[in-house]
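> Below: sequence and its predicted model.
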Amino acid sequence: MPEFVPISKTRKRYTFGRARDVVNMPDMIEVQRDSYHWFYQDNVPPEERVSQGLQELLEEVFPIESYDGNFALEFVSYSIDKPKITEEEARQKDMTWARPIKATIRLTNTQTQVRKEAKEIFLGDFPVMTDRGTFIINGTERVVINQLARSAGIYFTHSGETCSAKLIPDRGAWLDFAMPESEKEVITANIDNRKRLPITLLLKALGANNNDEILDLLDVGTVFRHFDNDLKGCMSAEDVYDDDEELNEATLIVAKGNIITDEILAKLYDADPSEDAGIEVYDMNNDLARTLDRERTKSPDEAIQEIFKRLRPNELARIENARDYFKSLLQDPRRYTLGRVGRYKLNRRLNMNVSEDERLITLDDVIAIMKEMFAMREEDKISDDIDHLGNRRVRSIGELLQNQVRIGLLRMERIVRERMTTIPNLDEVTGRELINVRPIAACLREFFGSGQLSQFMDQTNPLAEVTHRRRLSALGPGGLSRERAGFEARDVHYTHYGRVCPIETPEGPNIGLVSSLTTYASLNSHGFLVTPRRKVKNGKLTDETVLLSADDEDKSYVAMANTPLEDDGITIAGETCPTRHADECLKKWWIIWTFLRVK
């Protein structure tokens, strides 16, 4: 029977066909619009706003304290006013359609706890998004396209006998971990690509008190081994003495925690040559034993000082300087953060359950990374695929704007601190006299006016406009460059299907770097691309659809959307059919299918 079928939130179409769409056509510019509202939270009362977007930025920068610590500028809330002109006026007068944003700031004397009355301060005119997901900048319509960039998180590489890991934060120093390539080297950690350090130094600096605590954290037990060549390179778990009956005294052969060498092994055998003779050793990898043996610091403070000496060899290694330096590297939330997405990826990859509010790297994180590196080498696991869409995420207008506004706010913070130093009597000063908002305005102008991801909207026809707003680019700040992008980054990946169009990409130097979202693709809360899949139960199609990310889809078997069905329209015809599991195309029995692609 012909009937009206919804094709959008407000429109229906009279259709005569027998087939019906399982999933309604999505809002094509929902990604842009949702990201914009995520940044401003303009429909949320100030007291109910959560820490995201502009609210998170202002909470991150404020309070701004003077260098002597006597005064502080505190942030209370921000308000968003209506635009002073209409969209049409902005077009006709070649102006930017923007609305003023004001922040309520108060100056506090931290010594006397006297707080001045909070006053509103103008932060700047922020461009307004139109109903079409565009911006009017200097009278012309512009689009901020989405960026497809590598996600923060941990990535493992396994090649032969070597294994390495790279921890990429949302902001701050990168950490590289590497297993030794020869028997003379140790397991290393490299902070921000400066100098390789024994990984045990980093573990102690993050809170491990000594080698025994590191062994406990790594769940290293002991094992009894006989005196043979397999004992060489192991770490002794007990003190072993050679009893001299003539002199009536015991000579120490090997102390607990020492590596057993050829010389020590010969002494042990001479002391007790029986077949059952042996020694308790730690049941662990020889590379870890060698690392623990060569790195001799005995406390967290010693480890922090040693890191400071190696990374800053020309400076005096006082413990206060070393602590401040290490804190600025990895323990200052303003300089280093994994971000919400980084913590999510770390939890998912390492099977951890740490709160997403914990944005700094912890001792447990590094321990879990070490365990995974050992497991990858022993179990011969494959390396992580950086081009997998489970490892690449979309940064939309809200996140891109947040990164740009952060630059302006940090410049403003520096100016405020300088003014706090130069003004003689801060008790008589208001917050408005200390704050200069020009850096914020300059950053906004640069981002919307000349940024690489802000482009004149393609107005050839309505379809071209929609396509432009759903464009994905791997270029731009924090992304790839045309010169450095190789074939792998440009090629079609099996995770693109249902998420990124494998066909629509420009020819020339941008091929593969600029692409488009597919019709049904959308973003989850962490910015990863998801696509609908129709569930199959007991060989029958259901009306249940699930939005699957690329990571989740790798665990499922997915059949084609045009899989033959029986006359009832829901029962799978035949016994086998081509399916896809991760990057393998298989012929499987329908009983194990879990999902069917949506047309």
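Happy to help now that I have it.
> close enough to count as contact, Arg419 and Leu434?
Yes - shown here, Arg419 and Leu434 form a contact pair, counting by CB atoms under 8 Å, at 5.1 Å. For glycine as for every other residue, the C-beta is placed from the backbone atoms N, C-alpha and C.
> Strand partners (parallel or antiparallel) of the helix or strand encompassing Lys535?
If you go by DSSP states H and E, Lys535 is part of strand 529-537. Sheet pairing for strand 529-537, assigned by DSSP bridges, gives strand 522-523 (antiparallel), strand 540-549 (antiparallel), strand 595-597 (antiparallel).
> To Ala250, which of these lies closest?
Closest to Ala250 of the strands paired with strand 529-537 is strand 540-549 (CB to CB; 62.8 Å).
> Ignoring the adjacent residues along the chain, who's closest to Phe308?
Across the structure, with CB to CB, 6 or more residues apart in numbering as the measure, the residue nearest Phe308 apart from its sequence neighbours is Ala322 (3.7 Å).
> Determine which stretch of the strands paired with strand 529-537 is the most buried.
Most buried of the strands paired with strand 529-537, by mean neighbour count (mean count of other CB atoms under 10 Å): strand 595-597, with a mean of 21.
> mind putting the strands paired with strand 529-537 in JSON lines, mean pLDDT included?
Compiled in JSON lines, those are given as follows (pLDDT from 0 to 100):
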{"stretch": "strand 522-523", "mean pLDDT": "92"}
{"stretch": "strand 540-549", "mean pLDDT": "87"}
{"stretch": "strand 595-597", "mean pLDDT": "61"}
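> got those strands as a markdown table, with distance to Glu566 columns?
Formatted as a markdown table, the entries for these read as follows, by distance: least, CB to CB, whole Å:
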| stretch | distance to Glu566 |
| --- | --- |
| strand 522-523 | 32 |
| strand 540-549 | 9 |
| strand 595-597 | 14 |
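> Spatially, and excluding backbone neighbours, which residue is closest to Gln92.
If the residues on either side of it in the chain are set aside, Gln92 comes closest to Gly139, at 7.5 Å by CB to CB, 6+ apart.
> The one you found: how many residues sit nearby?
14 (other CB atoms under 10 Å).
> From Glu446, how far out is it?
Gly139 sits 18 Å away from Glu446, going by CB to CB, to the nearest Å.
> again, but for Leu475
For Leu475 relative to Glu446 (CB to CB), the value is 17 Å.
> okay, these two: which has more neighbours?
Each of Leu475 and Glu446 has its neighbours counted (other CB under 10 Å); Leu475 has more, 18 against 14.
> Next one: the more buried one, what pLDDT does it get?
We note a pLDDT of 93 for Leu475 in this prediction.
> how near is it to Ala489?
In this structure, Leu475 lies at 11 Å from Ala489, with CB to CB as the measure.
> so what's in contact with the two at the same time?
Listed contacts common to Leu475 and Ala489 are Leu513; contacts here mean CB atoms under 8 Å, 6 or more residues apart in numbering.
> Low-confidence stretches in this protein?
Across the chain, the ranges flagged by pLDDT under 70 are 1, 18-20, 244-249, 588-599.
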